[in-house]
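Chemist: heads up, no residue letters with this:
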Ligand code: HH2
């Protein structure tokens, strides 16, 4: 997060054939880099590049395939000199290492360093930022009747344990952000409970990342198809900001940026103008 910014928008860039929402759209690296530039112009300060879908039921992707997808995009974003932090969404050390060598400075690991504990050393040694996320089980099976004693208490205990493990491996606490993992081994009710009681996770003391963008629980509540879940996503982002989340991982950057600017101004009782912009093209 930029030091003075009240929040950060992390734009999602899935360079995959099978992601649940934007799968196949940015498979070609030129299209992906153009989308990164667009998200930066719309207000993203982080772009999260992923080459392996973690949607429910997804199977693992070999490292070579993931590298072939991710690296040209990280290179392309770097070559454009965009004012964004490049994040790599991976659980594989090999992929993270190569992405970092190409310019990524943020590791978004949905396994919170459990898939490859060496990931913590990479983050520590290279002075990277990271996101540690909660997931129950693994993507292939995680939606098979997930159960918790108390979902918020269980997720909190997990995140505290992973934060401690990262710090023990040499990662400075200031570099760590935490994520309850909306949709990762959770029912609709679990997701809602996590959002409603987000303040209990914020009490851990690290910036919270929240990723609700276009997810299934929003479709279940609204009856909307994936591409029509923007308004529902924005509603959760506004609510999550009010309850302490600070990083918003979204596909639709422009509506999120507008909504969070107004929310933050209202809650703070002060505001600063944004350069006038329009979504219409003028010729
Ligand atoms: N959600 C997804 C992937 N990575 N990372 C974090 N930190 N938090 C999330 O909620 C999160 C994540 C899944 O969403 P998406 O990238 O849109 O789809 P897919 O996994 O199918 O590529």
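Modeler: Nice, I can see it. Small disclaimer: the values here were computed from a predicted structure and weren't measured. Numbering: from 1, shown residues only.
Chemist: how about the helices in the chain?
Modeler: If you assign secondary structure with DSSP state H, the helices in the chain sit at 29-42, 63-80, 93-101, 118-126, 151-168, 188-196, 198-202, 216-222, 230-242, 253-268.
Chemist: Near the ligand, which residues of the protein? Just list them.
Modeler: Contact residues of the chain with respect to the ligand, defined by Cβ under 6 Å from any ligand atom, are listed as 12, 14, 16, 19-21, 50, 53-55, 89, 108, 110, 131, 133, 179, 181-182, 209, 211, 213, 249. All C-beta atoms are positioned from the backbone trio N, CA, C, and that covers glycine.
Chemist: that older thread, could you dump the helices of the chain to TSV with mean pLDDT?
Modeler: What follows is these, written out as TSV (pLDDT from 0 to 100):
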stretch	mean pLDDT
helix 29-42	95
helix 63-80	96
helix 93-101	98
helix 118-126	98
helix 151-168	98
helix 188-196	98
helix 198-202	98
helix 216-222	98
helix 230-242	98
helix 253-268	97
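Chemist: which ones among the residues of the chain next to the ligand are found in strands?
Modeler: Where those overlap with strands, as defined by DSSP state E, the overlap consists of 12, 14, 50, 89, 108, 131, 133, 179, 209, 249.
Chemist: where's the dip in pLDDT among the residues you listed?
Modeler: Across these, the member with the lowest pLDDT is residue 14, scoring 93.
Chemist: Can you tell me how far the closest residue to residue 120 other than its chain neighbours is from residue 124?
Modeler: Counting by Cβ to Cβ, 6 or more residues apart in numbering, residue 120 lies nearest to residue 169, which is 3.6 Å off, once chain neighbours are set aside. For residue 169, the distance to residue 124 (Cβ to Cβ, to the nearest Å) stands at 6 Å.
Chemist: show me the residues around the closest residue to the ligand within the stretch 101-250 of the chain that make contact.
Modeler: As assessed by Cβ to the nearest ligand atom, the ligand sits closest to residue 211 within the stretch 101-250 of the chain, at 2.3 Å. For residue 211, the residues meeting the contact criterion (Cβ atoms under 8 Å, 6 or more residues apart in numbering) are 179, 181, 182, 183, 249, 250.
Chemist: mind checking how far the last one is from residue 204?
Modeler: Counting by Cβ to Cβ, the separation of residue 250 from residue 204 is 22 Å.
Chemist: Who has more neighbours out of those two?
Modeler: Neighbours around residue 250 and residue 204, counted as other Cβ atoms under 10 Å, are more numerous at residue 250. The numbers are 27 against 14.
Chemist: And that one, what's its pLDDT?
Modeler: 98.
Chemist: hmm, which of the contacts of residue 211 are the buried ones?
Modeler: Buried subset of the contacts of residue 211 (neighbour count, 16 or more other Cβ atoms under 10 Å): 179, 181, 182, 183, 249, 250.
Chemist: between those residues, which is nearest residue 243?
Modeler: residue 182 (13.1 Å; Cβ to Cβ).
Chemist: For that closest one, what are phi and psi?
Modeler: Backbone dihedrals for residue 182, given as degrees, to the nearest 10, come out at phi -60, psi 130.
Chemist: for it, what are its contacts?
Modeler: The contact partners of residue 182, taken as Cβ under 8 Å, 6+ apart, are 191, 194, 195, 210, 211, 212, 215, 217.
Chemist: Quick check: the farthest pair among those residues?
Modeler: Those two in the contacts of residue 182 that are separated most widely, counting by Cβ to Cβ, are 210 and 217, at 12.9 Å.
Chemist: Between the two, which is the more surrounded one?
Modeler: residue 210 (27 against 21).
Chemist: got the contact list for that one?
Modeler: Residue 210 touches 179, 180, 182, 195, 198, 236, 237, 240, 245, 247, 248, 249, counting by Cβ under 8 Å, 6+ apart.
Chemist: mind giving me TSV with those residues and columns for distance to residue 257?
Modeler: Supplementary listing: the contacts of residue 210 in TSV, determined by distance: Cβ to Cβ, whole Å:
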residue	distance to residue 257
179	20
180	22
182	20
195	20
198	20
236	15
237	10
240	15
245	15
247	13
248	9
249	13
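Chemist: any idea which of these is closest to residue 263?
Modeler: Proximity of the contacts of residue 210 to residue 263 was ranked by Cβ to Cβ; the top entry is residue 237 with 8.3 Å.
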